[in-house]
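Enquirer: Predicted model and sequence follow; I will ask about them next.
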Amino acid sequence: MSETLTISLPPGVRSAVERLARENGVTPEQFLATAAAEKVGILTDPKAYFAERAGRADMTWFDQFMARAGGEPPSEDDKL
């Protein structure tokens, strides 16, 4: 069951939250709830948090990704 929590954000933070939420197709409330849940998870038990994340890893995909053809020079927009 959800409860309401009202918070005040500095204007710049609020604008960033609204923009990021819009870019991710969620409401600002959903964005903040997800961000808070992630932060609580990390601060509560970081070892368990990272173990859970590691458990979701697709090592077959990772191995395929790492073995892909490469060696192309960086594109113009990748250069410093």
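Expert: Thanks, I have the structure now. All values derive from a computational prediction rather than experimental measurement.

Enquirer: When you work out contacts or count neighbours from here on, use the C-alpha atoms and nothing else.
Expert: OK.

Enquirer: Counting neighbours, which bits of the lowest-mean-pLDDT helix or strand in the chain end up buried?
Expert: Among the helical and strand segments of the chain, the one scoring lowest on mean pLDDT, DSSP states H and E is helix 46-55, with a mean of 86. For helix 46-55, a neighbour-count test (16 or more other CA atoms under 10 Å) marks Tyr49 as buried.

Enquirer: How far off centre is the next helix or strand after it?
Expert: Once helix 46-55 ends, the next helix or strand along the chain (criterion: DSSP states H and E) is helix 59-66. The gap between the average C-alpha position of helix 59-66 and the chain average comes to 21 Å, counting by CA atoms, centre = their mean, to the nearest Å.

Enquirer: can you list contacts of the least confident helix or strand of the chain?
Expert: Helix 46-55 is contacted from outside by 41-42, using CA atoms under 8 Å, 6 or more residues apart in numbering.

Enquirer: Find me the pLDDT at the spatially closest residue to Val17 that is not a sequence neighbour, would you?
Expert: Nearest residue to Val17 in three dimensions, chain neighbours excluded: Pro28, at 6.2 Å (CA to CA, 6 or more residues apart in numbering). For Pro28, the model assigns a pLDDT of 95.
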